[in-house]
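let's see this in three dimensions:
(one chain, ligands or ions: 1)
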Amino acid sequence: MTSLSLPSTLPLRRPAVVEWPGIPVLGPLLELRKDQLGTFTRMGAASDAVTFSILNKRLHLLSHPEHMKHVLVDNAKNYGKQTRGYQAMRSVVGNGLLTSEGDHWLRQRRIASPAFHKKRIDAFGETFVRIAAEAAAEWTREEERDVSRDMMRLTLRIATITLLSRDVSSEADAVGEALTVGLEHIIRRMNTPWALPESFPTPGNVRFRRALARLDSVVNATIAERRARGPREDGGDLLDMLMTPAEDGATMTDEQLRDEVMTIMLAGHETTAMSLTWTLWLLSIRKWKRGCAPRSRKCWAGDSRPSPTCRGSSTPTASCTSRCASIRRRG
Ligand code: HEM
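From the prediction side, this is the model:
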């Protein structure tokens, strides 16, 4: 008997809700800490709805688009953000749109939404193509590349140029690296219920605080520059909208601005970068699988998931992708 019952309106593609096995008290926590991507992939393959318990906290992994709509859109009010996951995110993005709730979230959301209207996003099209073409122009045949790093740089440039009118190319690696340290810190704290306070000088906390200081310096410089220069003439970007006084004349504090800008930098680049990296990887194995299956078997151990050398990493390693590319090119 599982402890998760879904509304009958929600479709299930695979067998009913699955209770994921684990050890007493900790449940699958050690499995998740060892291989988060692998464990979630196995859970997703078992059912659209998997439930498990960690330290008497019941968690559910939902993998069906309708279920996500049910939680994130249709019934968002029923799902609070006072969990260890959001708490961990707050150490990077503070109380920005991703982690805020209630009236404060609604107010910030109303202010930021016009920046995401379809017309505006369509207008960004040319900028997307230009920046993607500039990135592709750096690629040459036969070279090995860290595709996930390339995609992180690309999406960071796109998000900051289109929404903050700031080109971070010159510091993209440092900002990308600091954001990655921040993301790893969030995942580590989500998977470590017994973590020491962030103020405790562990190597991980020290590295995190340095990365956060790096990000804060970029974000605060962006805000200060805009304050000094004033809003853009052409109707402005997201930063102008966030800095424009609301109907009641209230303006955001620097802390609120910092949280919203940091949220956009984090939420607006890593997600798209990972989607693009996996897409490129899938494209490379698809074409490669058709072109050179016999040779590939050795490399991929006969199925489409990454070979052991790739397992455990959150994205396909450069060598996997370039190995496919070089095998394919060699034909
Ligand atoms: C493949 C790309 C993306 C995926 C899979 C994705 C996924 C998500 C998910 C699941 C949430 C809900 C989180 C929650 O409520 O707990 C979310 C919220 C958010 N995302 Fe994305 N996202 C993507 C791209 C972007 C981009 C490009 C931006 C901005 C440039 C962005 C900005 C945001 C913001 C601001 C929120 C908070 C919205 C709110 O609650 O008001 N995301 N995203």
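
what pLDDT is listed against the residue nearest to the spatial centre of the chain?
Nearest to the geometric centre of the chain sits Thr271, at 3.4 Å (CA atoms, centre = their mean). pLDDT, Thr271: 92.

next: Asn75.
Reported pLDDT for Asn75: 91.

that one - how many residues pack around it?
Counted by other CB atoms under 10 Å, the residues lying close to Asn75 total 11. In short, each C-beta sits where N, CA and C put it, glycine included.

re the thing from before, could you say which helix or strand holds the residue nearest to the centre of the chain?
Here Thr271, judged by DSSP states H and E, is contained in helix 270-300.

so which bits of stretch 268-281 are buried?
Neighbour counts using 16 or more other CB atoms under 10 Å place Gly268, His269, Glu270, Thr272, Ala273, Met274, Leu276, Thr277, Leu280, Trp281 of stretch 268-281 among the buried residues.

and whatever residue of the stretch 201-331 of the chain ends up closest to the ligand, what does it touch?
Residue nearest to the ligand within the stretch 201-331 of the chain: Gly268 (2.7 Å; CB to the nearest ligand atom). Gly268 is in contact with Thr155, Ala159, Leu163, counting by CB atoms under 8 Å, 6 or more residues apart in numbering.

ok, and which of these reach the ligand?
Among the contacts of Gly268, proximity to the ligand is found for Ala159, Leu163 (CB under 6 Å from any ligand atom).

what's the closest of the contacts of Gly268 to the ligand?
Checking the contacts of Gly268 against the ligand with CB to the nearest ligand atom, the nearest one is Ala159 at 4.9 Å.

the closest one and Leu37, how far apart?
According to CB to CB, to the nearest Å, Ala159 and Leu37 sit 23 Å apart.

please apply the same query to Leu183.
Distance from Leu183 to Leu37, by CB to CB: 13 Å.

which neighbours do those two have in common?
Residues touching both Leu183 and Leu37 by CB under 8 Å, 6+ apart: none at all.

all helices in the stretch 101-250 of the chain, in order from the N-terminus.
Counting by DSSP state H, counting those that start in this stretch, the stretch 101-250 of the chain has these helices, from start to end: 102-112, 118-123, 125-137, 147-164, 172-190, 203-229, 238-243.

show me what the fourth one is packed up against.
Put plainly, it is helix 147-164. Here helix 147-164 touches helix 125-137, helix 172-190, helix 238-243, helix 254-267, helix 270-300, helix 318-330, going by 3 or more CB pairs under 8 Å, 6 or more residues apart in numbering; DSSP states H and E.

just to revisit the earlier point, reformat the contacts of Gly268 as a markdown table; add pLDDT and neighbour count.
What follows is those, written out as a markdown table (pLDDT from 0 to 100; neighbours: other CB atoms under 10 Å):
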| residue | pLDDT | neighbour count |
| --- | --- | --- |
| Thr155 | 93 | 25 |
| Ala159 | 91 | 23 |
| Leu163 | 86 | 22 |
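
in JSON lines, list the contacts of Gly268 along with distance to Gly80.
Below are those laid out as JSON lines (distance: CB to CB, whole Å):
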{"residue": "Thr155", "distance to Gly80": "29"}
{"residue": "Ala159", "distance to Gly80": "27"}
{"residue": "Leu163", "distance to Gly80": "27"}
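
and which of the contacts of Gly268 is nearest to Trp20?
Nearest to Trp20 among the contacts of Gly268 is Thr155, at 32.1 Å by CB to CB.

ok, the closest one touching Thr277?
No: judged on CB atoms under 8 Å, Thr155 makes no contact with Thr277 at a distance of 9.9 Å.

in this structure, which helix or strand is least confident?
Comparing every helix and strand of the chain by mean pLDDT, DSSP states H and E singles out helix 318-330 as the least confident one, with a mean of 48.

how about the residues of the stretch 151-300 of the chain by the ligand?
Residues of the stretch 151-300 of the chain lying near the ligand (CB under 6 Å from any ligand atom): Ala159, Leu163, Thr263, Ile264, Ala267, Gly268, Thr271, Thr272, Ser275.

nearest to Gly230, of those residues?
The nearest one, if we look at those relative to Gly230 and count by CB to CB, is Leu163, at 17.8 Å.

outline the domain layout of this structure.
Using automatic domain parsing, the domain parsing of the chain gives 1-79, 102-286.

out of those, which gets the lowest mean score?
domain 1-79 (a mean of 84).

so how far is it off the chain centroid?
Distance of domain 1-79 from its chain centroid, counting by CA atoms, centre = their mean, to the nearest Å, is 19 Å.

try stretch 147-166
Mean-position distance between stretch 147-166 and its chain equals 13 Å (CA atoms, centre = their mean).

let's see that stretch as CSV, backbone CA atoms only.
Listed next in CSV are the C-alpha coordinates belonging to stretch 147-166 (Å, rounded to 0.1, in the frame of the first residue of the first chain):
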residue,chain,number,x,y,z
VAL,A,147,29.8,20.8,-24.8
SER,A,148,28.1,21.4,-21.4
ARG,A,149,30.6,24.3,-20.7
ASP,A,150,29.9,25.7,-24.2
MET,A,151,26.1,25.6,-23.6
MET,A,152,26.4,27.2,-20.1
ARG,A,153,28.4,30.1,-21.7
LEU,A,154,25.9,30.4,-24.5
THR,A,155,22.8,30.4,-22.3
LEU,A,156,24.4,32.7,-19.7
ARG,A,157,25.2,35.2,-22.5
ILE,A,158,21.6,34.9,-23.9
ALA,A,159,19.9,35.3,-20.5
THR,A,160,22.0,38.3,-19.4
ILE,A,161,22.0,40.1,-22.7
THR,A,162,18.2,39.8,-23.4
LEU,A,163,16.9,40.3,-19.8
LEU,A,164,19.6,42.5,-18.2
SER,A,165,21.2,44.1,-21.3
ARG,A,166,24.6,43.0,-19.9
